[in-house]
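In: Sequence and computational prediction follow.
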Amino acid sequence: MKFVSILAAAAVLGLASFMVGETIIEEKEPTTAPTSEPTTKPKWDHMAAKIVKVEGTDVTVLPAVPKGQEAKELVVKTDGKTVFVVEQEDAKIADLKPGMRAVITPREGTAVKIAAWTPKPRETQPAPKGDK
């Protein structure tokens, strides 16, 4: 009989401590207030683009945009610290040519790095054969 009463007392104490702990957890205030403003920082710090022209230290590009949106030409500024890579080799701004694809880092301000390459021509797929 003593065993049952000890077991019952342990169960009551366990349940009581669980309820007190749960109440304390619920009453905690958040440490930071949630912000309702969305972040305006882009997900990536680089931009994929097609080179349109190169004039002096400026590179005009047509950025890649999601389907359904219209791309607008942008002028990317470069300086003496900008690193140029063409076909995975160190290069100069004069090595950039219209029609090349490029990744420009960062997407805003003066470019720190421009990596460019000549796109390979797309192979045309043969027309599918009809059912016989």
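Out: Arrived safely, thanks for sending. Numbers count the residues shown, from 1 in each chain.

In: Could you measure from the residue lying closest to residue 81 once chain neighbours are set aside over to residue 56?
Out: Nearest residue to residue 81 in three dimensions, chain neighbours excluded: residue 112, at 7.1 Å (C-beta to C-beta, 6 or more residues apart in numbering). All C-beta spots, glycine's among them, are computed from the backbone N, C-alpha and C. Distance, residue 112 to residue 56, using C-beta to C-beta, to the nearest Å: 18 Å.

In: more crowded one of the two?
Out: Using other C-beta atoms under 10 Å as the criterion, residue 112 and residue 56 rank with residue 112 on top: 15 against 7.

In: Got phi/psi on the more buried one?
Out: When read as degrees, to the nearest 10, the backbone of residue 112 gives phi -90, psi -40.

In: mind listing what it touches?
Out: 81, 82, 83, 105, 106 (C-beta atoms under 8 Å, 6 or more residues apart in numbering).

In: Show me those residues that map onto strands.
Out: Among those, the subset assigned to strands under DSSP state E consists of 83, 105.

In: Tell me the buried residues within the contacts of residue 112.
Out: residue 82 (16 or more other C-beta atoms under 10 Å).

In: Tell me the one of the contacts of residue 112 nearest residue 128?
Out: Nearest to residue 128 among the contacts of residue 112 is residue 105, at 41.0 Å by C-beta to C-beta.
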